[in-house]
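**Student:** for reference, the sequence and a predicted model appear below.
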Amino acid sequence: MLTSMPFLVEHRLDGSLLGCSGIIAVDCYDYLRNIVFELKVGEGKIAHNRLCTSDGDIYEIPVDIGCVITLSFGEKLSITKDLHYIDANLRSRWIEERDRKAEMVFKEIDPGKAEDCSKFCFFRSRCL
């Protein structure tokens, strides 16, 4: 059964060679079409495209298509998908963001309070 479906779900990869966490779990990877899927619950954000980019780069093979699927629970279930091309510009933005965050950790810079903290954040009472 597992080999009949062309998907790897929650596939674990080592992201340390790209300056990421040691173990990264890719939500879903279609290895026949080289598409990376990212599943998010809540409000969709443009930054989620960068997550597909990082997942695709970690595979170390050409992964040029990403899809962010967002599940939102309000009065009714809403499912949206954003199929996008992972180009050099998106890869550059992901690398810049990764480098900026690594510099903050290295220099022990306080990132400050989040501007758009979700009301469901576990740490909301600590920082607001």
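**Tutor:** Perfect, I can see it now. Worth saying up front: this structure is predicted, and the values here are computed from it rather than measured.

**Student:** and the spatially most central residue of the chain, helix, strand or coil?
**Tutor:** Residue closest to the mean C-alpha point of the chain, counted by Cα atoms, centre = their mean, is Leu51 at 2.3 Å. Following DSSP: H, G, I helix; E, B strand; the rest coil, the label given to Leu51 is helix.

**Student:** so what's Arg33 up against?
**Tutor:** Residues in contact with Arg33 (Cβ atoms under 8 Å, 6 or more residues apart in numbering) are Pro6, Ile65. Heads up, the C-betas are built off the backbone N, CA and C, glycines and all.

**Student:** go on, Gly74?
**Tutor:** Gly74 neighbours (Cβ under 8 Å, 6+ apart): none.

**Student:** ok, longest helix in the chain?
**Tutor:** With secondary structure taken from DSSP state H, the chain has its longest helix at helix 88-106.

**Student:** so which elements touch it?
**Tutor:** Applying 3 or more Cβ pairs under 8 Å, 6 or more residues apart in numbering; DSSP states H and E, one finds that helix 88-106 makes contact with helix 48-58.

**Student:** contact partners of the helix it packs on?
**Tutor:** Under Cβ under 8 Å, 6+ apart, the answer for helix 48-58 is 13-15, 18, 20, 24, 26-27, 29, 36-38, 40, 63-64, 66-68, 70, 82, 84, 86, 90-91, 93-94, 97-98.

**Student:** any stretches of this structure with poor pLDDT?
**Tutor:** Applying pLDDT under 70 to the chain picks out residues 1-5, 43-49, 128.

**Student:** if we use 90, what do you get?
**Tutor:** Within the chain, the ranges that satisfy pLDDT under 90 run 1-36, 38-64, 68-80, 82, 84, 86-95, 97-98, 101-102, 105, 109-128.
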